[in-house]
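Show me the folded form of this:
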Amino acid sequence: MKTKVSILFYAKKAKANVNGLVPIYTRITVNGKRIELSSNKFVEISKWSTEGGKMKGASIEARSINSYLDLLRMQIIDIQMELARNKIPITTCNLKNKLLGIDEKQRMLIPIFLDHNNRIKELVGKEYAPGTLERYKTSLSHTIDFLQWKYNVSDIDISKIDHAFITDYEFFLRSVRNCANNTAVKYIKNFHKVIKICLDNEWITKNPFTNYKSKLKEVVREYLFEEEIQSIMNKEFKIERLSLVRDIFLFSCFTGLAYIDVKNLTENNISYGIDGEKWIFTHRQKTESPSKIPLLPIPKMLIERYSKHPQCSNQNRLLPILTNQRMNSYLKEIAAVCGIDKELTFHIARHTFATTVTLANGVPIESVSKMLGHTSIKTTQHYAKVLDRKVGDDMKLLKEKFRFLNKNQEIKKI
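Numbering: from 1, shown residues only. As a prediction, the model looks like this:
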């Protein structure tokens, strides 16, 4: 992209000194972004030509100041040409530093990335979830490993990051790190945010992501069918921990809450809704979006069942939930005992609520989206696509039932 630079001299009336003289300022604009610097020259406002950007007349004072401004203009143009010759980005920041004699320090990628992560760390619990910080930490770790793998260096000047860098980084994630498509795309997206910081600060002018394209692949979300839910509900467990995990899992199946949101629930989250019935009022930790869920009979019963549990009283929790790791470990045991041939995890409960419990029973997608706390209905529509596939499976069963009809048999019109 061609760099457009303009230079303007003007008298700044608002900064008149005690003698009534106003300072002459230099305005440098680069591709729409501008800086303003004092020329350290003063003039009577009546002697200044706004249109010409110089002093009026041919007095000794006018010739002196106008000559100074002409030299200053040439100095700025020379700096612009020098930056271009040295292939240094022509930005307002670089022009200003050269003009003031400030040496522009080399900006390296890793300190910028670390500063970004430290800022997120300070905002965990306010604007970001702990998981967000962990993802950026992992992304930084992958970036450091890539620099060593590709360039045999521990850091790199951000001006050296180009389109080839991005595509090589993606290849590294997919091959060396063996990341799946969506995981690789998400790490590249994290890296893109750091590059955007560099662009916004004018540390670089060319966006290395300009011609880069990536796309998340749609993931088929696993969920339980009605008969599988019934199988888990009807199973009697002699081991208490399995019975507890089963109950918490079913609670999520009928509320749609993710693990961390169930864990954060207290009695204060239960209140009466607009219909006079008990609802859950909470905010999703992942997106901080509100989630309001009317309580169905099963979660109501489970809340009552564990209301006197010691863990609930001691830790101020609505339910005595275990760690996510232990929950998922025990859910695999439950799946095996119940004859469910699926990789059962706690998050499947949320998918089950969206599909089998709500959408499959005619609950409007707008209501489901609101209960799930989705920030966009497009997210909820993924579950509707899953149900479309189920419709196909159901129709296959229907076709099997009609196989008794002879191919040549005429079907009477109704």
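
OK, contacts around the residue lying closest to residue 45 once chain neighbours are set aside?
With CB to CB, 6 or more residues apart in numbering as the criterion, residue 45 has its nearest non-adjacent residue at 5.2 Å, and that residue is residue 22. Glycine gets a C-beta too; all of them are placed from N, C-alpha and C. Shown in contact with residue 22 (CB atoms under 8 Å, 6 or more residues apart in numbering): 11, 12, 13, 15, 16, 42, 43, 44, 45, 48.

Repeat the analysis, applying 10 Å as the threshold.
10, 11, 12, 13, 14, 15, 16, 42, 43, 44, 45, 48 (CB atoms under 10 Å, 6 or more residues apart in numbering).

of those, closest to residue 167?
Using CB to CB, residue 10 comes nearest to residue 167 of those, at 46.0 Å.

Can you give me the pLDDT of the residue nearest to residue 45?
Note for residue 22: predicted pLDDT of 92.

Check the gap between it and residue 28 for me.
19 Å (CB to CB, to the nearest Å).

do the same with residue 94
11 Å.

Strands along the stretch 151-300 of the chain, start to end?
Here the stretch 151-300 of the chain has its strands, by DSSP state E, counting those that start in this stretch, at 270-272, 278-283, 290-294.

So which other helices or strands are in contact with the second one?
Yep, that's strand 278-283 we're talking about. helix 259-263, strand 270-272, strand 290-294, helix 297-305 (3 or more CB pairs under 10 Å, 6 or more residues apart in numbering; DSSP states H and E).

Now with 8 Å, please.
strand 270-272, strand 290-294 (3 or more CB pairs under 8 Å, 6 or more residues apart in numbering; DSSP states H and E).

Adding mean neighbour count, write the strands of the stretch 151-300 of the chain out as CSV.
What follows is those, written out as CSV (neighbours: other CB atoms under 10 Å):
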stretch, mean neighbour count
strand 270-272, 13
strand 278-283, 17
strand 290-294, 16
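
Residue 164 is nearest to which of those strands?
Nearest of those (CB to CB): strand 278-283, 42.7 Å.

Among the contacts of residue 22, name the buried ones.
Neighbour counting over the contacts of residue 22 (16 or more other CB atoms under 10 Å) leaves 11, 42, 43, 48 as the buried ones.

got the contact list for the third one?
When you say that, I think you mean residue 43. If you count contacts by CB under 8 Å, 6+ apart, then residue 43 has 11, 21, 22, 24, 55, 65 around it.

repeat for the second one
When contacts are counted by CB under 8 Å, 6+ apart, residue 42 touches 17, 21, 22, 23, 24.

On the three-state scheme, the fourth one is what?
So that's residue 23. When classified by DSSP: H, G, I helix; E, B strand; the rest coil, residue 23 comes out as strand.

For it, give the beta-bridge partners.
Beta bridges link residue 23 to residue 42, judged by DSSP bridges.

roughly how far apart are it and residue 39?
7 Å.

So which of these two has more stuff around it?
Per other CB atoms under 10 Å, whichever of residue 23 and residue 39 has more neighbours is residue 23, with 18 against 15.

Show me the shaky parts of the stretch 151-300 of the chain.
218-220 (pLDDT under 70).

Tell me where it has helices.
163-175, 181-200, 226-234, 240-253, 259-263, 297-305 (DSSP state H, counting those that start in this stretch).

now these in CSV, with distance to residue 60 and mean neighbour count?
Formatted as CSV, those follow (distance: least, CB to CB, whole Å; neighbours: other CB atoms under 10 Å):
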stretch, distance to residue 60, mean neighbour count
helix 163-175, 56, 17
helix 181-200, 46, 17
helix 226-234, 95, 15
helix 240-253, 85, 20
helix 259-263, 76, 20
helix 297-305, 90, 15
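
Go through these and name the closest to residue 133.
The nearest among these, by CB to CB, is helix 181-200 at 11.3 Å.

Can you dump the C-alpha atoms of that closest one in PDB for me?
Written as PDB, here are the backbone C-alpha positions of helix 181-200 (Å, rounded to 0.1, in the frame of the first residue of the first chain):
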ATOM      1  CA  ASN A 181      -7.700 -28.200  12.500                       C
ATOM      2  CA  ASN A 182      -9.800 -26.200  15.000                       C
ATOM      3  CA  THR A 183      -7.100 -26.200  17.600                       C
ATOM      4  CA  ALA A 184      -4.500 -24.900  15.200                       C
ATOM      5  CA  VAL A 185      -6.900 -22.200  13.900                       C
ATOM      6  CA  LYS A 186      -7.600 -21.100  17.500                       C
ATOM      7  CA  TYR A 187      -3.800 -20.800  18.300                       C
ATOM      8  CA  ILE A 188      -3.300 -18.800  15.100                       C
ATOM      9  CA  LYS A 189      -6.200 -16.600  16.100                       C
ATOM     10  CA  ASN A 190      -4.500 -15.900  19.500                       C
ATOM     11  CA  PHE A 191      -1.300 -15.000  17.700                       C
ATOM     12  CA  HIS A 192      -3.400 -12.700  15.400                       C
ATOM     13  CA  LYS A 193      -4.500 -10.700  18.400                       C
ATOM     14  CA  VAL A 194      -0.800  -9.900  19.300                       C
ATOM     15  CA  ILE A 195      -0.100  -8.900  15.700                       C
ATOM     16  CA  LYS A 196      -3.200  -6.600  15.900                       C
ATOM     17  CA  ILE A 197      -1.700  -4.900  19.000                       C
ATOM     18  CA  CYS A 198       1.500  -4.200  16.900                       C
ATOM     19  CA  LEU A 199      -0.600  -2.800  14.000                       C
ATOM     20  CA  ASP A 200      -2.700  -0.600  16.300                       C
END
